[in-house]
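*Asks:* quick one, fold the following:
(2 chains, ligands or ions: 2)
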Number of protein chains: 2
Amino acid sequence: LGRAEAEAEAGRRAPSVAAVLPAGGSGERMGVPTPKQFCPILERPLISYTLQALERVCWIKDIVVAVTGENMEVMKDIIQRYQHKHISLVEAGVTRHRSIFNALKALAEDQPNSKLAKPEVVIIHDAVRPFVEEGVLLEVVIAAKEHGAAGAIRPLVSTVISPSVDGCLDYSLERARHRASEMPQAFLFDVIYEAYQQCSDYDLEFGTECLQLALKYCHTKAKLVEGSPDLWKVTYKRDLYAAESIIKGMFVLVTHVKVTSGALCHADRDLQQIILEPCYNFVCVNVMTSDFEETQKLLNMLEKSNLSILYPVVVISVHFLDCKSVPFGQKMEHLMQIRELAKEVKKRNILLCGLLIYYPQDKQKLQESLRQGAAIIATLIKERNPGLVGQLLIA
Amino acid sequence: LGRAEAEAEAGRRAPSVAAVLPAGGSGERMGVPTPKQFCPILERPLISYTLQALERVCWIKDIVVAVTGENMEVMKDIIQRYQHKHISLVEAGVTRHRSIFNALKALAEDQPNSKLAKPEVVIIHDAVRPFVEEGVLLEVVIAAKEHGAAGAIRPLVSTVISPSVDGCLDYSLERARHRASEMPQAFLFDVIYEAYQQCSDYDLEFGTECLQLALKYCHTKAKLVEGSPDLWKVTYKRDLYAAESIIKGMFVLVTHVKVTSGALCHADRDLQQIILEPCYNFVCVNVMTSDFEETQKLLNMLEKSNLSILYPVVVISVHFLDCKSVPFGQKMEHLMQIRELAKEVKKRNILLCGLLIYYPQDKQKLQESLRQGAAIIATLIKERNPGLVGQLLIA
Ligand SMILES: [Mg+2]
Ligand SMILES: [Mg+2]
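*Replies:* Residues are numbered from 1 along each chain as shown, chains lettered A, B, ... in the order given. Ligands and ions are numbered 1, 2, ... in the order given. Purely as a prediction, here's the structure:
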């Protein structure tokens, strides 16, 4: 192969790719004042999850986000706070199509002040679809390189009908012959940029489908790719609930247990779990001491790490309550310090709880305590509820 | 007015109404082995919430549910356990349309063994749309009486496209001119029964739209009624998460606080809330005593009531932890009895937790304790997490 052919071959396999994220929507469908892309999930705005999903894909070079002027500062804060990389901001237009067009201009060669390199393929995604996987992004990019355009689709959940002007049924569509057009979509940059440059004001104002623009103005028939249910668009309040539950479900599997002494084999057996990375759950079992020395060391370590930037980290400080230990008042005064500690680390997105495991003489009662302790730990990890921060629980 | 006219007038205002609920689906879209209508939300099957929504509407006389033979016993158990009324069961067909047809036959006059009265109007709903309100049911019934057929619609969330045989975009539909057809729908019984009797095997096998059958076989143009977002169909696992969050959100406002003495005015002020009915949250503040006597009385009362049949009832037994109280071991042994108590009432769907409010001399620390106590109570009520049942929490 000659050099030109080799480069062409390499280009065929790995086109340069950028992504465009229109985020100018106003969220009126949600029934809340905050535009949906800025609604918090575990206190982090939805759009940050979507950016995270795109930026972890190493072959996406640039991400251009279109936001309205009034949300520009909000967006800059989000990028800084959650340390997002490779993001460029452009001003959103009054419609989705105009926002996308503005973002494409930032990637084009023919615009003044453009600092970004023109990509071969551009992905268009939605700020409110946070669960997009690398697999489907790659699929639409490869298909776009071959066909000029490609988009994810899903089966229809409801039958689609057309109303007549008097609000009655005109006709219904055969559900099996139609699909919902979802995101992500991908295009050869020259195709979609040409389509936007050609397209009418009517299309820019009232159109909803980028694939349609590529078809109408560039005669490019988009390849359709079956996506997963997770590609759905967060549209209503219930979708935020669903997204939060999905994200919480991701935390359950990964827990780090730090035992400050191996002496208490019963607790060890019940609480110790496999250590995996990345880890957002820490159980600190304070066997030899009833104070927070070991927990404090763990908290210091976590505060120095970047672990809690993206997700809340749960730390459970486990203490054993010997039934013979006295005096009670003094001990409680001491343990209640956890409140101040928790309040402090909460600022860094660390959710600290205390768990007292009641340690009676009776072996069966002890087993019951340990069983309940494990149940509490599982609940705290799963729910990540700020309402329980700084609390002491007794098992 | 003559008698016949008066009756006609009454009938015009209040037609006799029955409802049909096809529940023969297999739930393959959910990615779980249980058909979605039987998936639990707070341990109660989804279909029971839908039945509850229909049976609380006093003017729906009969509810006919179509279930597969293999789920017939499951369904009978659900009806008995949750005390559903006015339900008749018929065997589901292999498709949704065949199931609906079977249910209509049970309401028709021309069938042998039919014990139900033929209604003037029949509602067709979905087992997996639990949040249907009386308002929209009434709207479709009134519209059906006037137009012969009516159905709820919603705006499309995604653009609808049609693929060509090679999996490429053939055309996309204008989103503003189309709607998603949702449930409930309503029909003059004679119209929809006639349509099902006339319709082809192909329609029964592959059709998805009842409104279309009424149009095709009875030339009845259905009136379309804008529904609320809550009418959506629980289809995927995320929809179960969303439904659970919506149901949990209903509990937050209604809490009954029982204070066994008015002596502790601080706690009183912070915890007392307005008493409303129906109530699924009970906070029992045990001021004068550290044992469970008063809580036990409340539990006895709740066990005798039917309150916990449909929803889990949360009971929080609040105790004050005087820092001078000794001996600690003895006190803990006593308080740990809550585990056994909780295990017992859990069988009756009562979720019992203990809350110890630390009661130091320092006024500011006491305020902090009460504030945290209120936060814990709010969390327990909102989350209704069985993982915290039988636990003691310390504020
Ligand atoms: Mg450029
Ligand atoms: Mg009958």
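
*Asks:* for stretch A:142-158, buried residues please.
*Replies:* A:142-145, A:147-154, A:156-158 (16 or more other CB atoms under 10 Å in any protein chain shown). For every residue, glycine as well, the C-beta is placed using N, CA and C.

*Asks:* determine which two of these are furthest apart.
*Replies:* Put simply, by CB to CB the two of the buried residues of stretch A:142-158 set farthest apart are A:145 and A:158, 33.7 Å from each other.

*Asks:* sorry, back to before: identify, from the buried residues of stretch A:142-158, the entry nearest to residue A:201.
*Replies:* Each of these was scored against residue A:201 by CB to CB, and residue A:149 proved nearest at 22.1 Å.

*Asks:* contacting residues for that closest one?
*Replies:* A:185-188, A:191-192, A:210-211, A:214-215, A:220-223, B:169 (CB atoms under 8 Å, 6 or more residues apart in numbering or on different chains).

*Asks:* let's see it at 6 Å
*Replies:* A:187, A:211, A:214, A:220, A:222 (CB atoms under 6 Å, 6 or more residues apart in numbering or on different chains).

*Asks:* from these, list the buried ones, please.
*Replies:* Buried among those (16+ other CB under 10 Å): A:187, A:211, A:214, A:220, A:222.

*Asks:* where is the longest helix in chain A?
*Replies:* Looking across chain A with DSSP state H, the single longest helix is helix A:363-383.

*Asks:* let's see which of the buried residues of stretch A:142-158 end up in strands.
*Replies:* If you go by DSSP state E, the buried residues of stretch A:142-158 have A:149-154 in strands.

*Asks:* separation between the residue of the stretch 151-300 of chain A at minimum distance from ligand 1 and residue B:296?
*Replies:* Going by CB to the ion, ligand 1 is nearest to residue A:189 of the stretch 151-300 of chain A, at 10.2 Å. With the distance defined as CB to CB, to the nearest Å, residue A:189 ends up 72 Å from residue B:296.

*Asks:* who has more neighbours, these two?
*Replies:* A direct count of neighbours by other CB atoms under 10 Å in any protein chain shown for residue A:189 and residue B:296 places residue A:189 higher, at 22 against 14.

*Asks:* and the gap between the more buried one and residue A:145?
*Replies:* 11 Å.

*Asks:* with residue A:129 instead?
*Replies:* 22 Å.

*Asks:* residue of chain A closest to ligand 1, please.
*Replies:* For chain A, CB to the ion, closest residue to ligand 1: residue A:114, 3.1 Å.

*Asks:* three-state assignment of that residue?
*Replies:* Three-state assignment for residue A:114 (DSSP: H, G, I helix; E, B strand; the rest coil): coil.

*Asks:* cool, residue A:282 as well?
*Replies:* Applying three-state DSSP: residue A:282 is strand.

*Asks:* doesn't residue A:314 make contact with it?
*Replies:* No. At 7.0 Å, residue A:282 and residue A:314 do not qualify as touching, with contact defined as CB atoms under 6 Å.

*Asks:* of the contacts of residue A:149, which is the nearest to residue B:103?
*Replies:* residue A:211 (40.7 Å).

*Asks:* burial measure for residue A:138, as a count.
*Replies:* 14.

*Asks:* quick one: the helices in chain A?
*Replies:* Taking DSSP H as the criterion, chain A carries its helices at A:3-13, A:46-55, A:72-81, A:96-107, A:134-147, A:189-198, A:201-206, A:210-218, A:237-249, A:265-271, A:293-304, A:328-335, A:338-346, A:363-383.

*Asks:* just checking, what packs against the longest one?
*Replies:* Under the contact definition 3 or more CB pairs under 6 Å, 6 or more residues apart in numbering or on different chains; DSSP states H and E, helix A:363-383 sits against helix A:265-271, strand A:313-322, strand A:350-359.

*Asks:* quick one: which of those is nearest residue A:133?
*Replies:* strand A:313-322 (24.3 Å).

*Asks:* distance of residue A:184 relative to residue A:50?
*Replies:* In terms of CB to CB, residue A:184 sits 11 Å off from residue A:50.

*Asks:* now swap in residue A:303 and tell me
*Replies:* Applying CB to CB to residue A:303 and residue A:50 gives a distance of 27 Å.

*Asks:* and those two? which has more neighbours close in?
*Replies:* When neighbours are counted by other CB under 10 Å, residue A:303 and residue A:50 differ, and residue A:50 comes out ahead with 25 against 15.

*Asks:* distance of that one from ligand 2?
*Replies:* As for residue A:50, its distance to ligand 2 is 54 Å (criterion: CB to the ion, to the nearest Å).
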